[in-house]
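>>> Predicted model follows, preceded by the sequence.
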Amino acid sequence: MAKPIVAIIGRPNVGKSTLFNRLVGRRQAIVDKQEGITRDRIYAPVEWTGKEFTLVDTGGYIPDEADIMDSAVRQQVEIALEEADFLLFVVDGRDGISPTDEVLADIIRRSDKDYLLLVNKIDSDKQDLLEHEFHRLGLEKLISVSALSSRKIGDLLDNVVAALGDSALPKAEDPDDIRVAIVGMPNVGKSSITNLLLGEDKSIVTDIPGTTRDSIDSRIKYHGKTIVLVDTAGMRRKAKVRESIEFYSNLRTFRAIDDAHIAIVVVDADKGFDKQDQQIVRQVIDSGRGLILAVNKWDLIQKETNTMDEFKKEIKRLFKSLEDYPMMFTSAKTKQRVSKLMPLCLDVHKRWGQRISTRIINKTLDRAVKQYQPPAVKGKKIRLKYGSQVSQRPPRIAIFSNWPELIPVSYQNYLENQFRTQFDFTGVPLKFSYRIS
C-alpha cells in the first residue's frame with residue numbers, strides 16, 4: 001500500500017521549498033552523473049518517529065505570470081485536495097495575509113481535508129505575536145515555524161504523524177509478492193496493457209481496494225508467483241485540472257512507483273521518447289526500482305529491417321543509462337509481445353533482490369583495479385581496499401577507500417560498468433557508496 005501523501009500548498013515565496021528541504025532533511029537538487037543533468041525533485045519520503053509519508057511540494061508547478069497566478073494556485077490546491085491525505089498550508093508571517101492566502105483558506109475550509117496552517121518565517125518567540133493576524137483566515141489548526149532556522153519543525157512533524165495515525169505506519173508486505181507499476185504519460189496505452197495482463201491466460205485472484213482515492217491493486221497468479229499490479233485504476237482526468245495535467249500525472253506516477261518493486265514505463269512509439277518520458281525513467285531509477293521500458297503502439301510504425309534497432313539506438317542516445325535496462329516493443333491493440341512483459345518482470349525482480357558474496361565482489365574489484373588504477377587526485381594516491389554488498393532491492397555495494405570523496409565520477413562509472421559486465425544486473429539500478437577506511 002502506498003504511503004499517505006502530505007502536500008505543501010501556498011502562494012509563491014512563502015518558503016515552501018525551504019520547508020520541503022527541511023522536512024526531507026537534505027537538499028533535493030540531484031545531479032545525475034551519467035546524464036549530466038541537474039534537476040529538482042518535488043516528491044520525497046519522510047520518516048518521523050517510526051511513521052512514514054510522502055511529501056509533495058506543489059509550488060514547483062506554479063507559473064510566474066502574475067495575471068494567472070490565482071487560478072494556477074487554485075488548480076494546484078484542488079489537485080492536492082483530491083490526492084493528498086493532509087495539507088500543510090504555508091503563509092508568510094512577515095508579509096501578513098494576502099488575497100491569495102484568503103482564496104486558499106476558503107478552499108480548505110470548504111473541504112473535508114485535514115490540514116495545518118503554518119505561519120512561516122517566525123524566527124523567535126518574540127515574533128509569535130505575528131501569527132495572531134492569521135486567525136482571521138478562519139482555520140483553527142495553526143502553528144508558527146521557521147523553515148530556514150528549523151524552529152518548531154519537530155512540533156510540526158508531531159502534528160502531521162498524529163493526524164495521519166496508523167495510515168503512516170510502515171506496511172507489512174507479503175515477501176513473495178512482486179509489485180509492478182505500469183506508468184507513463186497519458187494516452188500511451190497503460191490501461192490497455194494492464195487489461196491485457198489481467199485478462200490473458202491468468203486467473204485474477206482478487207481486487208483489493210488500495211486507498212480511499214479509488215486506487216486498486218490487482219493480484220495475478222503467474223507461473224506460481226503472485227504479481228500485484230499496483231494502482232490499476234489509473235489516472236482520472238477532470239476538466240478542472242486540465243491546465244495542471246502534468247502535475248496531476250506526475251503525482252499519480254510517483255505514488256505508483258513508490259508502491260512498486262518493478263516499474264513498466266510505457267512510451268508512445270508514434271510520439272517518440274520525449275523529455276516527459278525521460279523524467280519518469282529517471283524517477284524510477286532514482287527510486288531504486290527495477291525498470292522495463294515498453295515502447296507501445298508499435299503497430300503504428302512503418303517498419304524496415306532495422307527499424308527496431310534504430311529506435312533502440314535513439315532511445316539510448318537520449319538516455320544513456322537505458323543501455324542497462326530491457327526494452328519491449330509492444331502493441332496493446334494487436335497484443336504483440338504484451339505477454340512477454342510478465343516473464344521479464346520475474347527476471348528483473350530476481351536480479352533486483354540478488355546478493356553477491358563478499359569474496360566474489362572483492363575478486364571483481366581487484367580485477368577492475370589491476371586493469372585500470374584510480375587516478376591520483378590533488379596529489380593523493382587513491383586506494384580501493386575492499387568492497388561488500390550492504391543491501392538488496394536494489395543492490396548496493398560499499399567500496400572502502402582511503403580517499404572516497406576524491407574518487408572521480410568517471411572512475412565510479414568505470415567500476416559500475418565492470419560490475420555490470422561481471423554480473424547480470426539488467427533492469428536493476430546498481431547503487432554504490434564510497435566509504436572511508
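Perfect, I can see it now. Numbers count the residues shown, from 1 in each chain.
>>> Now Leu164: closest residue in space that isn't a chain neighbour?
Closest residue to Leu164 apart from its sequence neighbours, by Cβ to Cβ, 6 or more residues apart in numbering: Pro4 at 5.1 Å. For glycine as for every other residue, the C-beta is placed from the backbone atoms N, C-alpha and C.
>>> neighbours around that neighbour, how many?
20 (other Cβ atoms under 10 Å).
>>> Flag the shaky bits of this protein, pLDDT-wise.
Scanning the chain for pLDDT under 70 picks out the ranges 1-2, 26-41, 59-77, 172-174, 200-216, 231-250.
>>> if we can go back for a sec, I'd guessed the residue nearest to Leu164 sits against Asp166; true?
No. Judged on Cβ atoms under 8 Å, Pro4 makes no contact with Asp166 at a distance of 10.1 Å.
>>> before we move on, the earlier item: tell me who's in contact with the residue nearest to Leu164.
53-54, 85-86, 164, 167-168 (Cβ atoms under 8 Å, 6 or more residues apart in numbering).
>>> Make JSON lines from these and add distance to Ile397 and secondary structure to it.
Below are the contacts of Pro4 laid out as JSON lines (distance: Cβ to Cβ, whole Å; DSSP: H, G, I helix; E, B strand; the rest coil):
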{"residue": "Phe53", "distance to Ile397": "30", "secondary structure": "strand"}
{"residue": "Thr54", "distance to Ile397": "27", "secondary structure": "strand"}
{"residue": "Asp85", "distance to Ile397": "36", "secondary structure": "coil"}
{"residue": "Phe86", "distance to Ile397": "37", "secondary structure": "strand"}
{"residue": "Leu164", "distance to Ile397": "35", "secondary structure": "helix"}
{"residue": "Ser167", "distance to Ile397": "34", "secondary structure": "helix"}
{"residue": "Ala168", "distance to Ile397": "31", "secondary structure": "helix"}
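>>> for these, which one is nearest Ile178?
Thr54 (21.7 Å; Cβ to Cβ).
>>> That closest one contacts Tyr43, doesn't it?
Yes. Shown here, Thr54 and Tyr43 form a contact pair, counting by Cβ under 8 Å, at 6.2 Å.
>>> overlap in contacts of the two?
Phe254.
>>> Quick check: closest non-adjacent residue to Arg337.
Thr330 (4.7 Å).
>>> For that neighbour, list the residues it contacts.
By Cβ under 8 Å, 6+ apart, the neighbours of Thr330 are 193, 294-296, 298, 336-338, 341.
>>> What is the helix or strand encompassing Ile227 packed up against?
Counting by DSSP states H and E, the element that carries Ile227 is strand 225-230. When contacts are defined as 3 or more Cβ pairs under 8 Å, 6 or more residues apart in numbering; DSSP states H and E, strand 225-230 packs onto strand 177-183, helix 190-199, strand 216-222, helix 341-352.
>>> in its sheet, what does that strand sit against?
The pairing partners recorded for strand 225-230 under DSSP bridges are strand 177-183 (parallel), strand 216-222 (antiparallel).
>>> care to break the chain down by domain?
If you go by automatic domain parsing, the domain ranges for the chain are 5-168, 177-352, 358-436.
>>> What distance do you get for Tyr222 to Lys381?
Distance, Tyr222 to Lys381, using Cβ to Cβ, to the nearest Å: 52 Å.
>>> So which of those two has more stuff around it?
Neighbour totals were compared for Tyr222 and Lys381, and Tyr222 leads with 17 against 12 (other Cβ under 10 Å).
>>> SS state for Arg359?
Secondary structure assignment for Arg359 (DSSP: H, G, I helix; E, B strand; the rest coil): helix.
>>> ok, how many other residues are close to it?
Arg359: 9 neighbours (other Cβ under 10 Å).
>>> how close does it get to Leu196?
Taken as Cβ to Cβ, the span from Arg359 to Leu196 is 44 Å.
>>> Quick check: phi and psi at the residue nearest to Arg337.
The phi and psi torsions at Thr330 (degrees, to the nearest 10) take the values phi -120, psi 160.
>>> what does the one 3 residues further on give?
Note on Lys333: backbone dihedrals following degrees, to the nearest 10 are phi -70, psi -40.
>>> residues in contact with it?
192, 297, 299.
>>> Show the contacting residues for Gln283.
253-254, 257.
>>> for Val56, that is, sorry about that
So Val56 contacts 5-8, 42-43, 80, 84, 251, 254 (Cβ under 8 Å, 6+ apart).
>>> For the stretch 251-400 of the chain, just list every one of the strands.
262-268, 290-296, 327-329, 384-391, 396-401 (DSSP state E, counting those that start in this stretch).
>>> JSON lines please, covering those and showing distance to Leu129.
Formatted as JSON lines, those follow (distance: least, Cβ to Cβ, whole Å):
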{"stretch": "strand 262-268", "distance to Leu129": "49"}
{"stretch": "strand 290-296", "distance to Leu129": "52"}
{"stretch": "strand 327-329", "distance to Leu129": "61"}
{"stretch": "strand 384-391", "distance to Leu129": "49"}
{"stretch": "strand 396-401", "distance to Leu129": "49"}
